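**Student:** Pasting a predicted model and its sequence here:
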Amino acid sequence: MSKRNKIIYWIATLWLALGMVSTGIVQLLNIKEEVEMMHQLGYPLYFLTLLGIWKILGVIAILIPKYPLLKEWAYAGFFFAMSGAVFSHLAIGDDLIAFFGPVLLLVLIVVSWYFRPAERKVLSS
């Protein structure tokens, strides 16, 4: 892996981790704005707890060494959660600003996944 690709991977991965941990914590704390957004989107409040826990566990899975299959599942979970957020905001006709966070995280997910080192990939036979 080239030095350029390593730098791209780690920048995207660290920004992704920061975004997921910070939003996960906000969701676990049931911050007023998050609670209001969940009501507006039509989701039950316990969904905040699930998302918060999954995001934090996903970050741990992506950052720890080894366990490439676990990393694939974490990336997939992140992708499903953020694409679901985009479509949820679309469904209720939210303003464009509501899409910024989920779309940014989607881009970071794809970049981090694409540029990950060989030892973090599942080997195909």
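**Tutor:** That came in fine, so what should we check first? Numbers count the residues shown, from 1 in each chain.
**Student:** And the residue nearest in space to the middle of the chain, which helix or strand is it part of?
**Tutor:** Nearest to the geometric centre of the chain sits residue 78, at 3.8 Å (C-alpha atoms, centre = their mean). In this assignment (DSSP states H and E), residue 78 forms part of helix 68-91.
**Student:** What are the buried residues along that helix?
**Tutor:** By 16 or more other C-beta atoms under 10 Å, the buried positions in helix 68-91 come out as 68, 70-72, 74-75, 77-78, 81-82, 85-86, 88-89. Using the backbone N, CA and C atoms, a C-beta is placed for each residue, glycine as well.
**Student:** Could you point out the helix or strand that follows that helix?
**Tutor:** Counting by DSSP H and E, the element after helix 68-91 in chain order, helix or strand, is helix 100-114.
**Student:** average pLDDT for that next one?
**Tutor:** Averaged over helix 100-114, pLDDT sits at 97.
**Student:** How about stretch 30-46?
**Tutor:** On average, stretch 30-46 scores 94.
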